[in-house]
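> A structural model of the following input is requested.
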Amino acid sequence: MRYSNWLKCGVVMAAALATPAMASTDAAQDATQDQAAAVADIVVTAQRREQRLQEVPLAVSAFSMESLEDGKVESLLNLDGKVPNVVLAPVGAYPFASAFYIRGLGYADVESSFEPSIGVELDGVYLSRNVGAVQDFFDVGGITILRGPQGTLYGRNTIGGVVSVQSRRPSFDFGARGQLTFGSNGRQELRAGVEGALIEDKLAGKFSLLAKTYDGYVKNEDGRDLGAQDVLSMRGALTWQPTDTFDATLIIDYTKDEGTGAAFQNASLPNMVLPGYGQPADNDGDPFLAHIGDDIFSDLDALGITLNANWDLGAVKLTSITGYRKTDTEVLSDFDATPIPFMTVHRDETHDQFSQELRLSSNTEGKLTYVVGAYYMTQEYDIATGQYGLVFGGPTAGSTIYTQQKSDSWALFGQADYEIIPNLTLTAGGRYSKEEKTFTTQPLFYPNAKTFDASFDDFSPKLGVSYKWSDTLMTYAQYSRGFRAGGFNGRAGSFEAVGPYDSETVDSYEIGVKSDLFNRRLRLNASIFTTDYKDMQQSVQQLIPGTLINQTLVANVGAATISGFEGEATALLTDAFTVSASIGYLDASYDDFMANLGDGLGVIDRTYLPMPYAPKWSNSVTFNYKQNYEFGQVTAQASVRHMSDMFTSFNTLNATNDLTLRKANTIVDGSVALELPDGRWRVSLWGKNLTDELVINNTFGVGALLASRVYQPPREIGVDLSFTF
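So this is what the prediction gives:
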């Protein structure tokens with residue numbers, strides 16, 4: 001791409017090897033002269049205790065509330081490309097569902113019988129399904145992204161990593177915040193919040209809301225706006241501190257998101273079935289003009305309740321995290337993206353989850369620090385997926401798949417760090433997981449349902465060593481295992497195809513360095529890793545015997561190796577000017593892949609196929625300027641993100657055709673803001689995708705029937721007007 005060479009030079013010049021966060025998540029710079037002119041220390045809880053990021057022997061990136069505001073980060077999607085080897089995209093057909101990949105591991109589907117590969121947690125509560133993981137932010141205190149398997153410190157095990165979002169806690173000082181946003185494509189938003197003490201020094205409360213309307217960035221040929229949204233989100237929180245040794249925070253959040261849904265483009269190949277009905281691939285030359293015949297929609301209702309309690313018992317600290325989430329979604333999609341009723345899909349799902357996590361951690365300084373915990377989660381969902389259209393023989397012909405599942409998960413986990421000699425620390429941890437699932441399905445055109453049961457268990461260890469060469473240099477090495485439970489095929493076309501399929505495991509090996517140089521004005525972090533992926537779960541499409549209808553099944557098809565390196569850097573060039581950069585490299589390939597992929601070739605070796613969402617390069621550079629003047633504080637930021645080619649769905653055509661390929665792209669974002677001297681008023685001008693790069697979000701095929709494509713937004717600009725009291 002036209003910016004890629006410049007970007008690579010920028011990465012090298014910025015010494016692209018360390019953290020993208022530009023301010024502390026919770027604290028803290030020493031009040032000394034030297035520290036005032038240093039890259040800010042970042043305090044995170046990646047190991048379930050407060051630590052400077054530079055002392056955490058993990059590949060972890062953190063973003064503070066300040067850096068999120070400066071970068072106009074409104075959802076996790078806005079961090080896509082800013083963290084090395086991390087892809088944060090929406091599932092094309094379901095805009096509020098996440099297609100998150102870390103180091104080539106992830107999944108891009110909304111089928112609830114699959115377990116997520118990447119964990120997303122909100123205020124410590126793991127979201128057991130990716131539907132609802134993509135929502136607009138408001139009142140967020142910070143975001144932490146951990147790369148690699150996590151399980152010895154987290155309630156729920158994940159094979160690829162964790163994306164942790166923390167909302168702001170109530171303050172005992174009265175305050176009010178508000179922000180009005182006006183932008184491209186009819187964007188109008190109100191973010192507001194108020195907080196303060198309800199009982200002096202004992203009870204504090206906070207209430208915040210987001211109201212948003214957005215027309216979407218795609219027009220249908222009949223004049224309809226597609227991708228439109230009407231969002232109302234609210235969050236209330238109470239913090240109770242009756243003593244110096246106990247605190248509890250109750251958080252209740254609710255989101256209602258009503259929209260028109262994703263605007264598909266017909267990307268079918270000439271030999272697919274849909275062009276035979278007189279509907280070849282869209283070639284009007286306008287990727288933001290759609291030709292959809294159905295009145296599509298996409299609605300989300302989500303309620304969350306979280307209770308986080310901490311009890312200081314002296315030598316140890318007891319933490320309890322209780323979470324409940326209920327998510328209802330209803331989506332009507334025109335999969336063929338044409339004026340004719342070829343294939344329409346209506347999905348209606350209700351999902352409930354309850355989780356309880358208890359952790360006991362060391363609370364004193366010493367050679368030994370540890371965390372031990374227990375975790376329980378129960379969840380249940382009901383899905384009705386109707387499929388209709390000419391592919392079934394008539395405009396209204398079709399049927400509905402009904403599926404239900406109840407699953408219970410238990411885990412015991414722990415990790416200990418022991419300093420055997422000064423500055424040399426050994427780490428050992430482990431996790432035992434057990435899951436039980438009861439699955440009921442009534443496939444397409446079946447008059448009855450059938451219930452299946454299965455259980456899965458695993459022990460995943462972790463071993464590591466780290467050495468602090470000085471206060472500004474640390475190296476580490478670690479081994480960790482991740483586990484992803486098996487399950488059932490929610491889109492099976494017959495009872496024989498339901499499964500279950502088996503669990504998969506990931507063994508990850510990593511070495512890294514964290515350093516502060518030049519009197520802490522340059523921070524360089526880097527890691528090298530390799531991952532062995534075994535009993536790999538892969539979605540495959542096959543025809544239901546005797547029909548033209550596809551069934552999507554999961555099979556344990558083999559093994560893969562994913563290796564690479566990552567670097568992140570922050571350089572304080574002047575007291576006002578900071579440059580941050582990141583670079584990620586992936587080498588991902590299948591080692592063993594024997595499967596029938598429904599292409600008529602039977603069970604053959606498929607190791608030649610490329611892995612989806614595994615770009616070879618992911619680089620970024622962010623320039624941040626912040627300076628006080630007599631008329632106020634000026635903040636300016638520009639970020640450049642580059643990703644090389646990657647396939648956006650798994651398809652047998654990927655070996656010979658670029659149908660699902662997202663070509664290399666470079667995205668430029670920018671903002672400039674002025675905050676008045678009293679600190680109360682702020683105006684910000686911002687732009688996203690300033691060079692108007694055309695970027696495919698994803699392309700997916702429905703077997704030999706059709707292929708559809710969704711694009712990311714074009715250039716958008718806007719203004720924020722903010723106040724704080």
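
> counting contacts, what elements does the strand or helix carrying V513 pack onto?
Assessed by DSSP states H and E, V513 sits inside strand 504-517. The contact analysis (3 or more Cβ pairs under 8 Å, 6 or more residues apart in numbering; DSSP states H and E) places strand 504-517 against strand 473-484, strand 522-543. In short, each C-beta sits where N, CA and C put it, glycine included.

> centre of the chain versus it, how much separation?
Distance of strand 504-517 from the chain centroid (Cα atoms, centre = their mean, to the nearest Å) equals 20 Å.

> partners of it, with directions?
Strand 504-517 sits in its sheet next to strand 473-484 (antiparallel), strand 522-543 (antiparallel), going by DSSP bridges.

> in the longest one, what counts as buried?
Neighbour counts using 16 or more other Cβ atoms under 10 Å place 522-529, 531-543 of strand 522-543 among the buried residues.

> Of all the strands paired with strand 504-517, which one is nearest S117?
strand 473-484 (6.2 Å; Cβ to Cβ).

> Show me which parts of the closest one are buried, residue by residue.
M474, Y476, A477, Q478, S480, R481, G482, F483, R484.

> so where do the helices sit in the protein?
Counting by DSSP state H, the chain has helices at residues 4-13, 33-36, 65-70.

> In terms of mean pLDDT, which of those helices ranks lowest?
Least confidently modelled of the helices of the chain is helix 4-13, at a mean of 37 by mean pLDDT.

> I'd like to know how far the residue lying closest to K450 once chain neighbours are set aside sits from A485.
The spatial neighbour of K450 that comes closest, neighbours along the chain excluded (Cβ to Cβ, 6 or more residues apart in numbering), is F495 at 5.2 Å. Using Cβ to Cβ, to the nearest Å, F495 is found at 21 Å from A485.

> Which one's more surrounded, the two?
Taking neighbours as other Cβ atoms under 10 Å, F495 and A485 compare with A485 leading, 24 against 14.

> sorry, back to before: would a markdown table of the buried residues of strand 473-484 with pLDDT be doable?
Converted to a markdown table, the buried residues of strand 473-484 look like this (pLDDT from 0 to 100):
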| residue | pLDDT |
| --- | --- |
| M474 | 96 |
| Y476 | 97 |
| A477 | 97 |
| Q478 | 96 |
| S480 | 95 |
| R481 | 94 |
| G482 | 93 |
| F483 | 93 |
| R484 | 94 |
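
> Make a markdown table from these and add distance to P713 to it.
Formatted as a markdown table, these follow (distance: Cβ to Cβ, whole Å):
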| residue | distance to P713 |
| --- | --- |
| M474 | 40 |
| Y476 | 39 |
| A477 | 41 |
| Q478 | 38 |
| S480 | 37 |
| R481 | 39 |
| G482 | 33 |
| F483 | 36 |
| R484 | 32 |
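
> Closest to S320 out of those?
After measuring the buried residues of strand 473-484 against S320 - Cβ to Cβ - the closest member comes out as F483, at 24.3 Å.

> So what pairs up with the closest one in the strands?
T505.

> Looks like it contacts S460 (just checking).
Yes. Counting by Cβ atoms under 8 Å, F483 does reach S460; the two are 5.1 Å apart.

> Where among the helices and strands packed on strand 504-517 is average confidence lowest?
Across the helices and strands packed on strand 504-517, strand 522-543 gives the lowest mean pLDDT, at a mean of 90.

> mind listing what the residue nearest the centre of the chain touches?
Centroid-nearest residue in the chain: F100, 4.5 Å away (criterion: Cα atoms, centre = their mean). For F100, the contacting residues are L76, V86, V87, L88, A89, G106, S117, I118, V120, N130, A133, V163, by Cβ atoms under 8 Å, 6 or more residues apart in numbering.

> May I ask which of these comes out lowest in pLDDT?
Ranking these by pLDDT, A133 lands last with 83.

> which one is that one nearest to, not counting chain neighbours?
S98 (3.9 Å).

> For that neighbour, name its beta-bridge partners.
P90.

> Neighbours of it, how many?
29.

> Below-threshold pLDDT in the chain: ranges please.
1-37, 41-50, 545-548 (pLDDT under 70).

> which residues does the residue of the chain most remote from its centre contact?
If you look at how far each residue of the chain sits from its centre, by Cα atoms, centre = their mean, the farthest one is E630, at 40.7 Å. Going by Cβ under 8 Å, 6+ apart, E630 touches P677.

> Which parts of stretch 274-287 count as buried, going by neighbours?
Buried, per 16+ other Cβ under 10 Å, within stretch 274-287: L274, P275, Q279, A281, D282, P287.

> And for the first one, nearest residue in space, chain neighbours not counted?
Of all residues not flanking L274 in the chain, L706 sits nearest, at 4.1 Å (Cβ to Cβ, 6+ apart).

> OK, contacts around the one you found?
Per Cβ under 8 Å, 6+ apart, neighbours of L706: N266, S268, M272, V273, L274, F335, D336, F342, M343.

> so how far is T699 from it?
Separation of L706 from T699 (Cβ to Cβ): 11 Å.

> on that earlier part again, now the residue nearest to the centre of the chain, nearest residue through space, not along the chain?
Going by Cβ to Cβ, 6+ apart, F100 has I118 as its nearest residue, at 4.2 Å.

> Quick check: that neighbour touching T158?
Yes. Using Cβ under 8 Å, I118 is in contact with T158, at 6.1 Å.

> what touches both of the two?
By Cβ under 8 Å, 6+ apart, no residue touches both I118 and T158.

> any chance of the contacts of F100 in a markdown table, plus distance to T425 and neighbour count?
Formatted as a markdown table, the contacts of F100 follow (distance: Cβ to Cβ, whole Å; neighbours: other Cβ atoms under 10 Å):
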| residue | distance to T425 | neighbour count |
| --- | --- | --- |
| L76 | 32 | 22 |
| V86 | 27 | 26 |
| V87 | 32 | 25 |
| L88 | 32 | 25 |
| A89 | 37 | 22 |
| G106 | 31 | 25 |
| S117 | 29 | 23 |
| I118 | 28 | 27 |
| V120 | 29 | 23 |
| N130 | 35 | 27 |
| A133 | 34 | 26 |
| V163 | 26 | 25 |
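
> Strands - which of those land there?
Judged by DSSP state E, those include V86, V87, L88, A89, G106, I118, V120, V163 as members of strands.

> which of the residues you listed lies closest to L553?
Once Cβ to Cβ is applied, the member of these that ends up nearest L553 is G106, at 18.9 Å.

> so that closest one sits right up against F114, yeah?
No. The pair G106 and F114 does not pass the contact test of Cβ under 8 Å, sitting 11.0 Å apart.

> if we can go back for a sec, okay, the residue farthest from the centre of the chain and L676: tell me how far apart.
Applying Cβ to Cβ to E630 and L676 gives a distance of 11 Å.

> I717 too?
23 Å.

> one step back: so which of the strands paired with strand 504-517 gets nearest Y402?
Within those, the stretch nearest Y402 is strand 522-543; the backing value is 20.3 Å (Cβ to Cβ).

> Kindly tell me how buried S320 is, as a neighbour count.
Residues near S320, counting by other Cβ under 10 Å: 14.

> F577 now?
14.

> contacting residues for it?
Counting by Cβ under 8 Å, 6+ apart, F577 touches F623, N624, Y625.

> Which parts of the stretch 101-250 of the chain are strands?
Per DSSP state E, counting those that start in this stretch, the stretch 101-250 of the chain carries strands over the ranges 105-106, 118-122, 125-126, 140-147, 161-167, 175-183, 187-199, 203-214, 218-220, 225-226, 229-243, 246-259.

> Please identify the most buried of those.
Compared across these, strand 105-106 shows the largest average neighbour count, a mean of 28 (mean count of other Cβ atoms under 10 Å).

> now that one: how far from the chain's centre is it?
10 Å.

> In the lengthiest strand in the chain, which residues are buried?
When the chain is parsed with DSSP E, its longest strand is strand 394-421. Buried positions in strand 394-421, judged by neighbour count with 16+ other Cβ under 10 Å: 398, 400-405, 407, 409, 411, 413-417.

> isn't I717 right up against G687?
Yes. Applying Cβ under 8 Å, one finds I717 in contact with G687, separated by 4.4 Å.

> Settle it for me: which of those two has more neighbours?
G687 (19 against 15).

> Many thanks, have a good one.
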